[in-house]
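Peer 1: Dropping the sequence and predicted coords here.
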Amino acid sequence: MDETSNERQRILKARAAALAREPEKSTSEAERLEVVEFLLADERYAIESAYIGEVYPLKDLTPLPCTPAFVLGVINMRGKILSVIDLRIFFDLPNRGLSDLNKVIVLHHGAMEFGVLADAIIAARWIPRSDLLATLPTLTEIRAEYLMGVTEERLVVLDGGKILSDRSIVVHEEV
Amino acid sequence: MIDKDAEFLKRLLVTFKVEADEHLKGMCSGLLELEQGALPERQTELVEFIFREAHSLKGAARAVNQVEIEALCQALESIFASLKKLELPASPGLFDLLQEALDLLARILPDSGAERPHDDKTLQRRLISRLEEAGKRKIAITEDSLPPFQGEGRGGDGVDGVDDVISASSHNELHPHPNLPLEGEGTKSSKSALIPIPSAMPDTVRVSTARLTSVLLQSEEMLSAKLASSQHVLDLRATATAFDSWSKEWARVKPLVQKFKSSKTQGENDEATHKKRSLTRLLDFLDWNSDFMKSLETRFTAEVKSAERDSRALGGMTNNLLEDMKKVLMFPFSSLLEILPKIVRDLSRENGKKIELTISGDDIEIDRRILEEMKDPLVHLVRNCIDHGIENPAERRAKGKPQLGTIRIAVLPRDDKVELTIADDGGGIALDGIRSALLKSGMLSAERVAELSDQELMTHVFQSGITTSPIITEISGRGLGLAIVREKVEKLGGSVSVESTTCSGTSFRIVLPLTVATFRGILVRLGERLFVLPAMYVARVLRIKQEEIKTVENRETISLDGEPVSLARLAAVLELPVSGRETMASDLLPVVLLAASDTRIAFQVDEVLGELEVLLKGLGRQLSRVRNVAGATVLGNGHVAPILNVTDLLKSAVKNAAYSSQRSAVTDTGEPANRLRSVLVVEDSITTRTLLKNILESSGYAVVTAVDGMDGFSRLKNGSFDIVVSDVDMPRMNGFELTSKIRSDREYGDLPVVLVTALASREDRERGIDAGANAYIVKSSFDQSNLLEVMKKLI
């Protein structure tokens, strides 16, 4: 047997062992949060994974007339039309820097579903709830009601459930 | 483990809910038919049927620990057992009690595990004891109330005896095995033992609608694959024609080649021989080249043929798939109409009216999505019939009509459409009522109202804010309902009309498409954006001369068939920047005449691109309703185009009239509007491109975009620009290369170029300046006022 196939065997074994390991106790699961971390205009944000359906590449955005500024437009996601929102405008954040929005994070909860734009997806990770600090007004300009907290490393954890159930994000306008 | 059990129970409850709904529906419709007085044999059948439904529901409830439902079903079952044995007379009071029990059952079905309020439980206890009491009123005591049902009363000692007979067949369901499959088998086996499955629906499976919808969406996506493939074939054919021009060129030089080949050696010296040898090699190569090209052409032609074949096959398969997929989603109207008998019964009781409901054609099938959308409008119309239409018995008697009012619902196929009629034999819509409502709403002047014919007047009932009901009741009279009915129906691509005769009734006619089918749309362009206008509202597409636009009462109008028609700019109505392109007086302006109900307005667009088949898709939950936009569609190239809402557009255009008059004021004085500065934005990222475009457009620039340097340069050649804003890092030709190319061009050498880039290093900046850029803005420090200031300085 040559060197590489031995090596391959070893890696596969190690992987199998890692996969076979019992997940950590569920008691700790209540104390930590699974989030997806992403980059938006040079700031790092995170949203709880439970609210994230998928991440979709932004290919072809069609702007819609007569919509509020935070609605950037709609995309065609496998035959379904999905509205796409710029959280910076929705949060009234000052527009600093031109960002390279090229990922759509699809948020969903119950029947509500829409996409928010991100510059890049950094990682899916667990953060201990105890790491979440009550927000200091100096740390972020986002209103406290949309935040779950901020970690020491300045990761802003958004409250996905709150954003998804916010009435002001729904557009319903008659002429 | 506990978690798993809870999870299992939860899934079991979902299955139970589906099954319980079916049993409940069966009981409900059976009970209604019974109450309306069926033939004796049918009565026996019905009682038996309801009894079995109650029994099955009881068993299913026991299996999932729904004690309350079980108890209620037990009580119901006892009543029907007595009815079966003709021990109990059927009285109106009993029917009311039974309906009440069914209502409660529907309410207490487990739904997302929410705890029920306490008063439901008390209500239930009271209901059960009332049911038990009713069960005791055996025939001997109340013999005079109503004749008992006829039929073969089977002897026995009450409920238990009957239970014995069927317990064998329903054993399975009372003690379900934990490994029993959740869907299908378990419920089916118990059901098939009790009620024979109708033979019209053999071999059915239950699939969740969410899954079906997802499959449908994916099949619809195949449509873009089909369109892309036929586009590909067209491109290949275009490439194939390139061989023709080669052939032509070759034919021209071929004699020359032949001549050289046959010519004799003229020089005798070495140099000449050498030359001759080289020439021969060259000529041989040309011959080989020609053969090579010919074989290439043959191969290419074959490839085109096979691509055509594949494209045709794909097209055929896609069409078949979509056709079948649509059929999968077809449901009979009965699934929508079955909710009506109960509504009519309950509401007519509440209003003290006597109403009979007749339904016909409910076996006609239609797209499930249309049925879903039609539920609210239909219920609204039926409520209207009961609340406003049919008079109370005393009134009817006075008019010499039968006391029993009728609501008739008929479904009729009409070519590839379906016509749904909701008619009542009530008092009709009072025309005077509409007149005064119109005057009160202030929508029309008194003279105009007086001019309206009866039929014209009638169309106004669909306008929001118009109600003829003098009082606002819980169910209707707010004047919103019919407007919503029309909006929903029109959104589905249907139409609604009303006919009414005083005293003899009102009839609403709704024409619906059979499927959420594609419809014809007119594709128009505004700047760089594309929009679709539903063709059914497009009365005409025309081109007009600038001088044909007249200003009447401060509004722009054009004359059509001798009548003035208002003219609006579609871009302005949609709140988009109006394109700055200067229009020559001689230019013909493309105009689309839109018409809905009795309004006609002409809309000026930048270009009418043609007619196409579109499929309306919703904008999703977050965009619940967008002004002027009905939905979106996916075009053949995969791009999404908004479909406009014509009813909204007409309203918006009227509101926008003020804007229009401003523009005409300028035109009147003959001053040309300030020419917009035009910008070419070259950027490969779609978002940055869109963002830049929005910033620049809202600052009053006319913007044309390009996706990379190559595209940018060719656009530059085809238009006139005041400035170029370009990204640096792009495929094919980057920003530096584009800048150098512009600088070295004779015509555009002086054009200002602003580079906007993520590359912040000094070297990059110097490279940009070397290439000849006028400004270099780093994205991370980007600020829109900064860019606008720089641009202002440069132009």
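Peer 2: On my side now, so go ahead. Residues are numbered from 1 along each chain as shown, chains lettered A, B, ... in the order given.

Peer 1: In chain A, where is pLDDT below threshold?
Peer 2: Applying pLDDT under 70 to chain A flags residues A:1-3, A:22-30, A:95-99, A:135-141.

Peer 1: hey, what's the residue nearest the centre of chain A bridged with?
Peer 2: When chain A is reduced to its mean C-alpha position, the closest residue under Cα atoms, centre = their mean turns out to be A:Ile47, at 4.3 Å. Listed by DSSP bridges, the beta-bridge partners for A:Ile47 are A:Val36, A:Leu158.

Peer 1: Make sure it is actually in contact with A:Leu33.
Peer 2: No. Taking contacts as Cβ atoms under 8 Å, A:Ile47 lies outside contact range of A:Leu33: 10.1 Å. For every residue, glycine as well, the C-beta is placed using N, CA and C.

Peer 1: anything in contact with each of the two?
Peer 2: Contact criterion Cβ atoms under 8 Å, 6 or more residues apart in numbering or on different chains; residues shared by A:Ile47 and A:Leu33: A:Val157.

Peer 1: ok so, going back, contacting residues around the residue nearest to the centre of chain A?
Peer 2: A:Ile47 makes contacts with A:35-36, A:38, A:105, A:107, A:157-158, A:160, as judged by Cβ under 8 Å, 6+ apart.

Peer 1: Now with 6 Å, please.
Peer 2: Applying Cβ atoms under 6 Å, 6 or more residues apart in numbering or on different chains to A:Ile47 gives the contacts A:36, A:158, A:160.

Peer 1: Export the residues you listed to TSV and append columns for distance to B:Val532 and neighbour count.
Peer 2: Formatted as TSV, those follow (distance: Cβ to Cβ, whole Å; neighbours: other Cβ atoms under 10 Å in any protein chain shown):
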residue	distance to B:Val532	neighbour count
A:Val36	35	20
A:Leu158	36	24
A:Gly160	34	24
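
Peer 1: And those, which is closest to B:Leu256?
Peer 2: Taking Cβ to Cβ as the measure, B:Leu256 sits nearest to A:Val36 out of these, at 69.4 Å.

Peer 1: how close does that closest one sit to chain B?
Peer 2: Using Cβ to the nearest Cβ, to the nearest Å, A:Val36 is found at 19 Å from chain B.

Peer 1: Settle this for me: that residue is touching A:Ala124, isn't it.
Peer 2: Yes. Between A:Val36 and A:Ala124 there is a contact under Cβ atoms under 6 Å: 5.0 Å.

Peer 1: Which neighbouring elements make contact with the strand or helix carrying B:Glu70?
Peer 2: Using DSSP states H and E, B:Glu70 maps to helix B:67-84. Judged by 3 or more Cβ pairs under 6 Å, 6 or more residues apart in numbering or on different chains; DSSP states H and E, helix B:67-84 is in contact with helix B:40-63, helix B:92-108, helix B:118-136, helix B:159-167.

Peer 1: Report the buried residues of the second one.
Peer 2: When you say that, I think you mean helix B:92-108. Buried positions in helix B:92-108, judged by neighbour count with 16 or more other Cβ atoms under 10 Å in any protein chain shown: B:94-95, B:97-99, B:101-102, B:104-105, B:108.

Peer 1: Switch those residues over to a markdown table; also include pLDDT and distance to chain A.
Peer 2: Formatted as a markdown table, the buried residues of helix B:92-108 follow (pLDDT from 0 to 100; distance: Cβ to the nearest Cβ, whole Å):
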| residue | pLDDT | distance to chain A |
| --- | --- | --- |
| B:Leu94 | 83 | 41 |
| B:Phe95 | 83 | 37 |
| B:Leu97 | 85 | 37 |
| B:Leu98 | 85 | 35 |
| B:Gln99 | 84 | 31 |
| B:Ala101 | 85 | 32 |
| B:Leu102 | 85 | 28 |
| B:Leu104 | 84 | 27 |
| B:Leu105 | 83 | 26 |
| B:Ile108 | 79 | 23 |
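
Peer 1: which of the residues you listed lies closest to B:Arg206?
Peer 2: Closest approach between the buried residues of helix B:92-108 and B:Arg206, by Cβ to Cβ: B:Leu105, at 21.9 Å.

Peer 1: For that closest one, give me its contacts.
Peer 2: So B:Leu105 contacts B:24, B:72 (Cβ under 6 Å, 6+ apart).
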